[in-house]
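[1] prediction below, plus the sequence it came from.
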Amino acid sequence: MSTPTPANPALLTRRTALKHGLAGILATGFAPLLLPSRLFGASAPSNRINVGIVGNGLIATSHVGALLGRDDCQITALCDVWRTKAEKMQKRIQQGYAENAGTAGFKGVDLHATHEELVARPDLDVVFVTTPDHWHAAVSIAAMQAGKDVYCEKPMTLTVREGRTMVNIARRTGRVLQTGTQQRSESAFRRAATIVRNGWIGDITLIRTRLGNFPAATELAEEPIPADFNYDRWLGPTPWRPYNAQRVLGNYGGGWRVFLEYGSRKNGDWGAHHFDIIQWALGMDASGPVEFIPAGFEGSPYQTHRYANGVTVQRVDGNQPAMIEFIGTKGTVGVGRDDYLVCNPIALATRPVRADEAHLYESNDHHTDFFNCVRTRQRPIADVEIGHRSATVGHLCGIARQLRRPLRWDPATEEIIGDPLASRLLDRPRRAPYSLL
Ligand SMILES: NC(=O)C1=CN([C@@H]2O[C@H](COP(=O)(O)OP(=O)(O)OC[C@H]3O[C@@H](n4cnc5c(N)ncnc54)[C@H](OP(=O)(O)O)[C@@H]3O)[C@@H](O)[C@H]2O)C=CC1
Ligand SMILES: O=C1CO[C@H](CO)[C@@H](O)[C@@H]1O
């Protein structure tokens, strides 16, 4: 890294050590002949951001693919509860670096059985938290408290209360946290949010988003726990359940995603992405809706939430081509992944943004934005407060659904209004010894 943060003594220690090592080499008189020029350049090993990854499943595989192609960082540590999986990832990374001539000086990837051990490493700068949702908060907090910046997968939390705790810790420790809601770094979503924010389609009358559905969670027969798998730690703070391979499986259509213990089903899985874009478009990044109504309540087929100004969001699974459709008094915008953007009027897709109009934060690559912010100490595009507020929308939809009744929410105090039972669901009990802090 080129801009050490004084808040990270680990970086300074590592760099100081390297400096002394170099001084020793230089004293021999051979250094100019022996040292490749890239050792001194922007991508010198000492300048690269050292990355540790906790959780080595589906999304970690994508991150690793992208990180291997960057010369501003290097992956140096992995942690997983399943040793076999960690070893497989280790092999892939070692091979990737071996084939990549730009990463001379790479020292290998170490494996750790626990995230506590990984975050304690003085040489690490950032930690990617790519576990299922029920571990996001505890691992991110441990990393921030150990002086590391964090890239935390979405939804940032399992409960509303975890989110405020994470924001407080990030602010107190001065750490950078990027939430893995990478749609914010895609131009079609930025353009849709820009159109809505600037009132180009008039007043918003309705927003419809499709999240899809998971199959119901079912009882699973007990199976033997694999020998090299720390199942107790996989469950972590969640209630004890008999082991079954399906329960812990990373699978986009099922596996752990169908169980409310480990996530928020589709309200977390896709809601974390689409509710996040809606919050951005409406300028609600530090706030949120005020009312949550479950599907089926008083005959409404759609799960619904509403903002204080009356803007209503409906979850209309599977009924529209766009992932999110904004309907206004003067037009519509439909947006989705792979650059899907359908505007009416069509000219809105390319209309220039005037100097006096809202220009939204521009990031075209979520990793690049994160690593830039690690260097500059600025808040990234999906900062911890934003990640918390967007995850909160999904959690409150889930609580209303679970209780089968509407909820009123005060986004300023972050309290459910007049419903003590629902309020108890803003956090969850944690199984000992897995505490949050
Ligand atoms: N931004 C995006 O577009 C996407 C984000 N995600 C998010 O990423 C997260 C992970 O999802 P996915 O990769 O599909 O899940 P996987 O189950 O495939 O991967 C999770 C990994 O974490 C490991 N793990 C579980 N608990 C711990 C722990 N305490 N310490 C270390 N490792 C642990 C698992 O071990 P084991 O192998 O033993 O189960 C597994 O290797 C989720 O929160 C998900 O919402 C996922 C996909 C896309
Ligand atoms: O974030 C996500 C987006 O894509 C996946 C589905 O294709 C989800 O399951 C995942 O968690």
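    Perfect, I can see it now. Ligands and ions are numbered 1, 2, ... in the order given.

[2] just give me the neighbour total for the residue nearest to Val196 when sequence neighbours are not counted.
    Excluding its sequence neighbours, the residue lying closest to Val196 (C-beta to C-beta, 6 or more residues apart in numbering) is Ala281, at 3.9 Å. C-beta here means a position set from N, CA and C on the backbone, and glycine is covered the same way. Neighbourhood size, Ala281 [other C-beta atoms under 10 Å]: 24.

[3] and Ala281, what element?
    Element membership of Ala281 [criterion: DSSP states H and E] is helix 271-282.

[4] quick one: contacts of stretch 359-377?
    If you take C-beta atoms under 8 Å, 6 or more residues apart in numbering as the criterion, stretch 359-377 is touched by 1-3, 5, 49, 63, 66-67, 70, 72-73, 125-126, 149, 151, 174, 176, 178, 180, 182, 184-185, 187, 190, 193-194, 197, 280, 353, 378-382.

[5] just the mean pLDDT for it, thanks.
    Averaging pLDDT along stretch 359-377 yields 98.

[6] stretch 257-274 too?
    Rounded mean pLDDT across stretch 257-274 is 98.

[7] use 4 as the first number from now on
    Sure, I'll start counting at 4 from here, so that last one is stretch 260-277.

[8] one step back: can you select the buried ones among the contacts of stretch 362-380 for me in PyMOL?
    Applied in PyMOL, the following selects the buried portion of these according to 16 or more other C-beta atoms under 10 Å:
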select buried, resi 4+8+52+66+70+73+75+76+128+129+152+154+179+181+183+185+187+188+193+196+197+200+283+382+383+384+385
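
[9] now narrow the contacts of stretch 362-380 to whatever sits close to ligand 1.
    183, 185 (C-beta under 6 Å from any ligand atom).

[10] go through the contacts of stretch 362-380 and flag which are in helices.
    If you go by DSSP state H, these have 66, 69-70, 190, 193, 196-197, 200, 283 in helices.

[11] out of those residues, which is nearest to ligand 2?
    In terms of C-beta to the nearest ligand atom, no member of the ones in helices among the contacts of stretch 362-380 lies closer to ligand 2 than His66, at 12.3 Å.

[12] wait, the closest one touches Val130, no?
    No: in this structure His66 lies outside contact range of Val130 using C-beta atoms under 8 Å: 11.8 Å.

[13] what sits in contact with each of the two?
    The contact lists of His66 and Val130 share 56, 154, where a contact means C-beta under 8 Å, 6+ apart.

[14] out of the ones in helices among the contacts of stretch 362-380, what pair is the most spread apart?
    Across the ones in helices among the contacts of stretch 362-380, the longest distance by C-beta to C-beta is 31.9 Å; it joins Leu70 and Arg200.

[15] identify the residues contacting the spatially closest residue to Tyr305 that is not a sequence neighbour.
    In this structure, Tyr305 finds its nearest non-sequential neighbour in Gln317, 4.2 Å apart by C-beta to C-beta, 6+ apart. With contact set as C-beta under 8 Å, 6+ apart, Gln317 has these partners: 209-212, 305-307.

[16] closest one to Glu294 out of those, please.
    Proximity of those to Glu294 (C-beta to C-beta) peaks at Thr307, which lies at 8.1 Å.

[17] I'd say that closest one and Pro292 touch.
    No: in this structure Thr307 lies outside contact range of Pro292 using C-beta under 8 Å: 9.5 Å.

[18] hmm, back to that, pLDDT wise, what is the residue nearest to Val199 at?
    pLDDT, read off for Ala284, is 99.

[19] shouldn't it be in contact with Ala196?
    Yes: under the criterion of C-beta under 8 Å, Ala284 makes contact with Ala196 at 4.0 Å.

[20] is it true that Gln405 touches Leu424?
    No: counting by C-beta under 8 Å, Gln405 sits too far from Leu424 to count as a contact (10.4 Å).

[21] on that earlier part again, give me the beta-bridge partners of the residue nearest to Tyr305?
    Arg211, Thr307 (DSSP bridges).

[22] how far away is it from Thr87?
    44 Å (C-beta to C-beta, to the nearest Å).

[23] what does the protein have sitting close to ligand 2?
    The chain comes close to ligand 2 at residues 255, 272, 276, as judged by C-beta under 6 Å from any ligand atom.

[24] filter the residues you listed down to the buried ones, PyMOL style.
    To isolate the buried ones among these in PyMOL, judged by 16+ other C-beta under 10 Å, type:
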select buried, resi 272+276
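
[25] what number of residues lie near the closest residue to ligand 1 within the stretch 4-153 of the chain?
    Ligand 1 sits closest to Gly60 of the stretch 4-153 of the chain, with a gap of 1.9 Å, by C-beta to the nearest ligand atom. Number of residues near Gly60 (other C-beta under 10 Å) recorded here: 19.

[26] tell me which stretches of the stretch 254-403 of the chain form strands.
    Remark: strands assigned in the stretch 254-403 of the chain by DSSP state E, counting those that start in this stretch are 257-258, 294-296, 306-309, 315-318, 327-331, 335-339, 343-347.

[27] quick one: end-to-end distance for stretch 202-213.
    One end of stretch 202-213 to the other measures 23 Å (C-alpha to C-alpha, to the nearest Å).

[28] quick one: buried residues of it?
    Using 16+ other C-beta under 10 Å as the test for burial, stretch 202-213 gives 203-204, 207, 210-213.

[29] could you find the closest non-adjacent residue to Asn216?
    Distances taken as C-beta to C-beta, 6+ apart put Asp320 closest to Asn216, at 5.7 Å, once the chain neighbours are dropped.
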